[in-house]
Every structure is written in C-alpha cells, then in structure tokens.
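Novice: give me coordinates for this.
(chains A and B)
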Amino acid sequence: MADAAVAAALRSTAKSVVVEAPGGCGKTFQGAAFAADVSPTLGTGRLLILTHTHAACDVFGDRTKGLSGLEIRTIDSLIGQIAEAYPEPGLSAGALPDYDRNSRWAAGLLKRRPFIADMLARRYPIVVCDEHQDASAEQHAVIEALHGAGARVRAFFDPMQRIYGAGATEAQGQADDSRLAAFRAAADIAESLDVPHRWTGGGEELGDWILQSRASLAAGGKLRLMGKLPRGLKVVFADNIAQRNLGFQLDAQDRRSLDPAFKGVQPLLVLSHHNDTVQAIRAFLGRSMPIWEGHTRSALPTLVQSLAACDDAAAVAKAAVAFVQGVCTGFSDSQFATRFRDEVASGCAKPAWGKPALIQSLARRIVEQPNHAGVSAFLQDLQRATKFQAEFASVHIDYPREFWEAVRLGAATDPQVGLAEQSRHNAHTRRLPPLRAVSSIHKAKGLEAPNVVIMPCDGTTFREKDRRLLYVAISRASRNLTLVVSRSNPSPIIEL
Amino acid sequence: MYAKMNKEANTLVDVAGATILRLKIERYRAFQKFDWFPKAGLNVILGGGDAGKTTILEAIALLLNPSNAALVSDSDYWRRQRKDGFFIGAVISLPPDSSIATQSRPAFPWEWDGRQARKPQESDEGEPARPVGPPVYKISVSGSEELDLTYAIHNPNDTTDIFSSTLRREIGLVRLGGDDRNDRDLRLVQGSALDRLLSDKALRSRLTSTFSDVDVKAELQTEGQEAMKQLNETFGERALPHDLGLGLSAGQGQSISALIGLTAAIEESRLPLSSWGSGTRRLASLAVAQAYRSGCPITLVDEAERGLEPYRQRKLVSELAAGPSQVVMTTHSAPALVAAEPATIWYLSQGHVIAELSSPRSIQLQKRDPEAFLSRLTLVGEGPTEVGFVTEMLQREISTDLLDLGVRLCDGQGNTFTLELLEEFAKAKLGLAAFVDCEGDNTTRWKNLKSAMGDLLFQWPSGCTEANVIAHICDDKLEALLFDPDDILTQPRLATLVERLKVLESTAEFPKHDFATVKAVAGNRLRALIIAAASGDSEGAPEKEAKTWKKHGKRWFKSLEGGRELADKAYVLGAMVKVKPQLQPLIDALTALTARTPKATENG
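Specialist: The predicted structure follows:
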C-alpha cells in the first residue's frame, strides 16, 4: 500500500526521497507523523519543514503542535535569512524583500561557500520540502546545496499543482518540469501517494473522481463530465452573458438554476480563473461574500513602485487611479477617473458644483500632497464618499484589506519600507479565509472547502493550456463540487 | 620540524577543538592595542617580566569565561580610563558540531583568509573570486564605562548576537593559572572543568534537598538546643516564621555544590585534591578538563613550571604539545621550553609587540640553548671563540656576574647563522647583543642590524677575532701567545705551524719542533702564519691537507676555553690596549644596561 511505502521511505536512511503527492492524499499527515517520529532523535539538530506559503506553515504547525526539535518555515524565509546574514553588496536595508534576487544570491552563496550549507545541514539534518513543484530554480538549488552538505531531503511534490501567474512563459514551464523530473530521477527513493484521504467519510466517490480526473488531465486528456457523475459533483449549464471582457453575468433562468448552490450559510468557496471575473462574481452575488485576498498583494506594490517614479501630481494621480481601479469596481474612467486626473493636472483651479466638486475635493488631496500621504488622504475621503455620497454609490471596494493598507502607508516616512513591513506582517499574520468567499484559483491553492463552485467553466477560462489550473480548482472540494459549464463556449479540456 | 612547517602552511589545522586564529586586545590593562595571530596547537609566549604575558592569558580567559559572574574593576582598563571601555575580540574556528549552528538563533560564519575574517561575497556565475577559506566566527567581550561586560558574536551583516555563556562553556577553557590557590576546576563550581565533565544539571537541586534533610538541630549541645528554643519563642512572639530548625542552605552567590570537590584516597583517609601540592593540582585540573567531551578545550597555562619538577614540566609540556587543543602557555623554564615541540614560540616585547620565533635557526637554538630565550639579554657570540673571549673580557670589565644580570651568552654557530638569528631576534625585540667577525659579505644586512642594535652589536671592521687580536701582540710576545697554560696544546700548535711551513718552504729542515726553529724558518711571516693557523685558514694548503688545516684553529682558540685564553692573553700580552677602544662601546652599552636594570635576584 502506497501509504506504508511512503512512510517507510521517509524514515529510511536514504539521502533523498521524493514523494508525488496529489492534494488530499495525506501528505500533511505523512509529513507530520514523520516529524513526530524523527524530531526527537535529532539531538541538537532540528527537522526543517520548508513550505512555499505561510498558510502551509500553519497547516503543518497545527498538525505538529507540541513537538520540539522542529522548525516550520517558508523557503523564502530561509533564503531571506541567508541573504540577511550575508547582505548582497549594494542592497539598501529595509527595502521590500526581493525574493528572486535573494534566492539568486543565496543559491550562489551556498554553491560557492559550502561551509554555509554545512552549517545549515548540521542545524537541519533532515529537510522536508512541501509543494516542491513550486520551487524556483534557485530555491531548488538551495535544497540541493543542503542535500550536498549531508542533509536528508524529503520532498513532496505534485507537478499538477504547479500553476503560473500571468506573464509566465512556456519555456519557463518546461524548464521547471524538466528540473523536477531530473530531481525525481536522481532521488534515492521515489514514491507516490494515491489514497484520497481528504474525501473519506462521505466524499469517497468525489475523491476517486478527482484523482481519476487528475490522471486524465496529467496525461493531456480532458475532464470528463459524461455518464454517471459521482456523488457530490454537480454540473450546472449556464452561459456567461457578460459584455465586458472577463466579466460575469447570467440570464435570469440560468441564475435560478444556480441558486441552490449559493443558498444557506454553509461554508462555500467560489472559484474563478481571473481576478476581474472574481470581482464580477462578487457583484453578481450582490456583494454578499467577500473576496479572499490571500497573503500577498498585487496592486499595492505596483502603487508604491509607481509613486517612487512620480515627479508631479499628475503622475501621482495616475498611479492612485490605477490602484483604485485594481482594488475597487466602479471607479471608471468615464464616471470618475478621467475627471479626477484632469482636476489634479489643472491644480483644482476651476470652480465646480455637484459631483464634479466632490471629485475635485478628492483631487485636492493629491494636489496638496503629491505623494503617498496625499494618496492615503484621497483614499480615506473616497471611502467616506462611497458610504455617504449617493454619487459614489456605484464604487465598491472589493479588496478592503489592500485598500486600507494603502491608507496606512500614508503614515510611513518611506512607502517602500512601510510596504516591506506590511508584507512581512501579512505573511506572518496567519489569517484564514472567510467561511464563504470568492477567490481566484491562484489564491485558493492550498485551501480546501467542503463546498466549491467553479465558474464559469468555458472556453475562455479553461483553455488548452489550463489543465493544471482546472485540476487545482476541482481538488479544493472535499464534499460538494459544482461546475458552471457553458454549452455555447465549451472548454476544450472539458468533455461533456 | 616537518610538523611545524606543515602547520605554518596550513594555519587552520583540522583539529577537533576551538582555535583562536586572531586575538585583538584594546585598552585592556596595560595593553592599549594588541593584535596576535596564534597558531593551532601549542603556543609558547616568552618575554621579560611585566611584558604582559599573563594579560594575554587573562584576556582569553575573560573572553571565554564560562560564567557570567566575572567582575571587572578600574584596573582592567588601560590607564584606569573607563571612559573608552575595553575590548577583547577573537576570530575563532569552532568544531563542526558546535552548538553555534544549532542554538535558537544560528550565527552565520565568516570566512578566514589567513589574516582576517571576510564576508563571503560573490555569487555570480564563474569561478569564485578567491579560494574558499574555512568558516570562522568573530566573538568579543567588551567592558563598558560602568564596568559592565558585554559578550557578543559579530555577524557578517554587521549585527551582533549574544555570545552566550552556554556557548562559552561549550568551547571550554582550561586554565592552569599562576595563582596557587586556584583549584576551581577540581570543584563543582558552575562552568568548571569538573562541572562540565559531570554535567548533571539536576545534581544541585538533589543535593540541596538531601542536605536540607540533615537534622542539624539534633547535633547541637544542650546550650545550643536551649538557645534555639528561646529563639523560636521570640520568633513566635514577633509573628515571624517559627518552628525553627537548622539545615544547610546555600547563601547568595555561593552554591552548595561549590563546596564539593574531588577527593582522593590517601592511606586510610580521603583528602580533597585541593590539598595536594600546586603542581599536582594543576595536572589534575588539566586531566579533568581533557576528559570532558571533545577533550580539547582552549587551554591556558601560566608559568608551566609552577610547582613541577623538571621531569613533570617536560611531561606536562610535551603532552600539551602533542594534544589536539590549542594551548597558550607562558614559561620561564628551560626544560619546559625544550619540551615544547611541536610548538610555536612567541616573544612578547616590552612594547606589547608579539613576534614568532619560527626560523629553523631559533628552533635549533630552542633545543640547544633554551635559556637564550629566557634571559633579560641574550649576547650572541659568532662562535665559541667569541663567546669565550667576551666572557673573559666582560668578567674583567664589568664587576657583576653576567648571569646575575640576566645576560645569557650563546653561541651563534657561525657568521651566517648568527646573522639570521640576530635578525629574527631583533625583529621580535628580544633583549639582544652580539659579538661577531666580519667575513665581508651580507654587508647591507649587517648594516641594518647595526642601526637597529647600535652599540650592542660589535663587529670587527674586518677579519676574525683571532686576526684582530694577534695583530696587536708584539713580536717578542708571540711565543707566549702560543704557549698553552696547561701545556697540552703548545706542541700541537707548534705542529700546525710546522705543517704550514713545510708547504711554504719545501726545502726547510726542522731539526727540532720548537718555537725557535719555527721562528727561524718563518722569519717575518711568523705572525701571519700564526693568524692563519689560529683561524684555520686553508688557503695555500695542498688539496689533501685542506681539511686538516681548517681544523688547526681548534688547537688554538676555537673553543670556549680558547676564546677565554685569547682574551686573557690579549690583556696579559698587552694587545688589549690597542683592541679595547674598539670594544669600549659594547662594554659601555652592557654596563649601562646593568646600571639600569636591577639584579634579577633583587626583583623578588
């Protein structure tokens, strides 16, 4: 049985063990049980569990409570520690951690100066790598360095869960795949987990179906929704009729057929591919569910970066608008943004009344302080306006955490430093998603929920190259999975 | 010697123990600034009194103090100036299993390039910019104006962490101090060698509870019992805690376990080891320390000879030299110094400059004449003639005994060897004087030495001692020069002249081997002939005779006794009148030295 074989392999004296671990097959259980067995035997050394997200740290932390001789951290924090211990010349202190640069630097150090890896391998004689498919080339090099220095490496990975954000190239994907394959081939022992533990106690049929689907998608096949569906899986046919690109809207009839899925107060995770669609879904659901913002931010770092390059109020206004449009809906160019930018550019000189006067008063904040503090003041006024001014009722803050982080940044002397502090804080505050939430598939990676709705599942959202993304989405569900499938614009990787 | 060379090529030997690679002392006691690169293995520090040898040991001891209880006072600050604080720092390599890597906050190592700890810095593709050095750590202790001590680990990113007492204890420190009362390592004092060895953390509390069970009250005499009873009543009346008893209880700053020490059986009873002689206590401390774990703590030995007979000194020092630990040792003892092999010998001068005496020359001398390193002033004669000559001369010119002045005469074994030795000693700032011939080579080096040593270096303007002295003996005294007071060498000396004359005058007849005959044959070449024979000059010798001619000098003055004889004859036969003006600056310089420095014996 795979579980026993994996357990034995982990505990063996082999220097490297890799375990292919599809989501829900007991990887965390295996890792935690291994930690419990082995950490007391390491003397002054510790077992190191390296994850890619703080959420995963939490999961391992919960399962290994009370154990000593164990450290659970993100691989970025290990790399950050090395980079901090040996600062790269020319880097300014306190700046936003540049993880890619850190890992290049740390990987280079470990390669050139073996004594650093030696020291780490003595501190961590056993290293467990979680989600190793997500390791970058440099992160992987760090693991290889520890392995080379004598640490026993135990890596869990699932190639099917390697998904990329926007901007990733095919070449990168291939390089990552072949690196992982080489790592697996070179391992002393390679095992696979294949028992769908997450679904025991009622979701067995769904679990089996998800594992079968995984195999099919991994082999370049399709997700089969034909024939008899497993218990827990529902397919709802509905067509996205939104006019806007990546928007979301259903006609009344389709909408009714979906109602049962959203009824009640049961925990629910609604997943969609694109951020814009996620925002649109939130609106579609009457803003009854918050968006899960995850542990990282995208609009805020862009704002800080743009502000650093601004040399006049107009540029600040442009950056502020881009931020607002990223985290809110409704602050459109035609309704607000164009006027707002014009006001700032003209120094709010022209008298105005009504809605334009309101926009002018917001713009004045930036004119008075053409910097992050001005942006902060503007955002605060904007938030009040959305609450109290009828003219702003169409503006909705979809990412309130990120919005307020930008407001708080106004108090920082240096927005770069302020942002670094906030992202550290976010990374370490072990925040859990709300019970009912809308999320992008990327941010839902690593989460699990009893009830999951994926929508829309059409040719626009799940293209030929999105097989892994589709697998990640379906494997979040532990009991009930609802797919909102289009007949008119079918996905090429879904077989109806 | 080979071991030594290897050690030098590889400053960082793969030893199991911690090794200090560089020691920096600033404003601590008499040291305003001190920078030292000790070697792995045994380091022997030599130097005059008050040079600060013990301060170096004390500085290391403070840096690696196993407890936080060390106290400092005004006098630990340079010129008692507390304002600027003091600093003792070291670059240290630690054994691979050191807990510095496993403590809760790991300290990241620096990289040792042989002279300093560097940050590992390049990471781009291609070959490393410099070879990979071994990992090292920077540690320090500093004293503040308020007499507080701060222990720090200095990280490559310019931050510092606490250099914990746990880590200091783990590095380990054995001190065989000069202090007679010190039996710390034979007691269960926290951090002592015995404490580390037994490492039973719960012992203290178990003992305390055992001791508290002892009913001391029951042991009291009647009067005592009565006094206790009264006291108990008083306590009760004053609402103090009562129902009093007596038990052992540790006082502040003094733990019960500190009263526990090693004991050993002697005849019928057991005695604490601390009541043995100081030498035995020192050896016992060392044995206890070495028994602990890795068994190679950094070892400090002040005055290795203390309390030990020469045979035990030799045993102690050769064990230290052979052991894996880094040892810093001071000694004033010749047997101890001879036994220090392999070892690095250092000389600490009055100006707190420390220099390595590592040339083959000085290592040879260390074996042959260890006292040359242990004297106030080492007077190097180029060869036995010069040593003998100077001895005799100084006995006549300076009333005090040379030995009493701490002056050690030593044989430099030839002109070139002497030059090398003098250069090394002068660089190390050893108290140094010399008496040498002039062979006409190495002019610049001799000139540099002369400007460094001044009048304490005497070199004949040209030629050897024999030539310079015999040149000034009147013709009518030449026979007396040849005459050996013991009359053993008179004939052999004559024979050397005859041998040489036979080559010069192949037709000459020697009916008698006496001075008159030789003189008659030699004529006005007699003095040159005597000088040539006395200095073993082989010029003009037939090929197979050259070796023999070179040995001729031995029959004349080429020995300690011969040198003395030559000096004696220089005085008696009147040559000294002419020679002495040249020697006077050396004599004066040595006399001045004796006036300046009290006799060693008066030093206490």
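Novice: near chain A, which residues of the stretch 151-300 of chain B?
Specialist: Residues of the stretch 151-300 of chain B lying near chain A by CB under 8 Å from any CB of the partner chain: B:155, B:156, B:157. For the C-beta atoms, the positions are set from N, CA and C on the backbone; glycine is no exception.
Novice: could you find the closest non-adjacent residue to the last one?
Specialist: Right, the one you point to is residue B:157. residue A:87 (5.0 Å; CB to CB, 6 or more residues apart in numbering or on different chains).
Novice: wait, the one you found sits on residue B:120?
Specialist: No - the criterion here is CB atoms under 8 Å, and residue A:87 misses it with residue B:120 at 11.1 Å.
Novice: mind checking which of the two has more residues around it?
Specialist: Shown here are residue A:87 and residue B:120; by other CB atoms under 10 Å in any protein chain shown, residue B:120 has more neighbours (24 against 17).
Novice: distance of that one from chain A?
Specialist: Here the criterion is CB to the nearest CB, to the nearest Å. By it, residue B:120 lies 4 Å from chain A.
Novice: give me the pLDDT for that residue.
Specialist: Residue B:120 is assigned 81 on the pLDDT scale.
Novice: neighbours of the residue nearest to it when sequence neighbours are not counted, just the number please.
Specialist: Closest residue to residue B:120 apart from its sequence neighbours, by CB to CB, 6+ apart: residue A:113 at 4.3 Å. Counted with other CB under 10 Å, residues neighbouring residue A:113 total 23.
Novice: go ahead and confirm residue A:154 touches residue A:125.
Specialist: No - Residue A:154 is not in contact with residue A:125 according to CB under 8 Å; the separation is 11.6 Å.
Novice: pick out whichever of those two has more residues nearby.
Specialist: A count of neighbours by other CB under 10 Å puts residue A:154 above the other of residue A:154 and residue A:125, at 30 against 22.
Novice: before we move on, the earlier item: do you know the pLDDT at the residue nearest to residue B:157?
Specialist: 87.
Novice: what does residue A:410 give?
Specialist: Reported pLDDT for residue A:410: 92.
Novice: from the chain's centre, how far out does stretch B:158-178 sit?
Specialist: Taking CA atoms, centre = their mean, to the nearest Å, one finds the center of stretch B:158-178 at 25 Å from the center of the full chain.
Novice: where are the low-confidence patches of the stretch 151-300 of chain A?
Specialist: For the stretch 151-300 of chain A, no stretch has pLDDT under 70.
Novice: out of the residues of the stretch 151-300 of chain B next to chain A, who's nearest residue B:397?
Specialist: Nearest to residue B:397 among these is residue B:156, at 61.3 Å by CB to CB.
Novice: I'd say that closest one and residue B:136 touch.
Specialist: No - in this structure residue B:156 lies outside contact range of residue B:136 using CB under 8 Å: 10.5 Å.
Novice: can you list residues touching both of these two?
Specialist: B:109, B:110 (CB atoms under 8 Å, 6 or more residues apart in numbering or on different chains).
Novice: of the two, who's got more company?
Specialist: Ranked by neighbour count (other CB under 10 Å), residue B:156 and residue B:136 place residue B:136 first, with 25 against 20.
Novice: right, and the more buried one touches residue B:107 too?
Specialist: No - counting by CB under 8 Å, residue B:136 does not reach residue B:107; the two are 10.9 Å apart.
Novice: list the contacts of the residue of the stretch 151-300 of chain A found nearest chain B.
Specialist: Of all residues in the stretch 151-300 of chain A, residue A:151 sits closest to chain B, at 12.2 Å by CB to the nearest CB. Residues near residue A:151 by CB under 8 Å, 6+ apart: A:120, A:121, A:124, A:125, A:126, A:127.
Novice: if we use 10 Å, what do you get?
Specialist: Contacts for residue A:151 (CB atoms under 10 Å, 6 or more residues apart in numbering or on different chains) come out as A:15-16, A:45, A:48, A:117-118, A:120-127, A:143, A:145.
Novice: now residue B:66: closest residue in space, sequence neighbours ignored.
Specialist: Nearest one to residue B:66, counting by CB to CB, 6+ apart, is residue B:191 at 2.9 Å.
Novice: neighbours of the one you found, how many?
Specialist: Neighbours of residue B:191 using other CB under 10 Å come to 20.
Novice: for residue B:222, same thing?
Specialist: 7.
Novice: quick one on the thing from earlier: identify the contacts common to residue B:136 and residue B:107.
Specialist: With CB under 10 Å, 6+ apart, residue B:136 and residue B:107 have common neighbours residue B:94.
Novice: going by secondary structure, residue B:151 is in what exactly?
Specialist: strand B:149-154 (DSSP states H and E).
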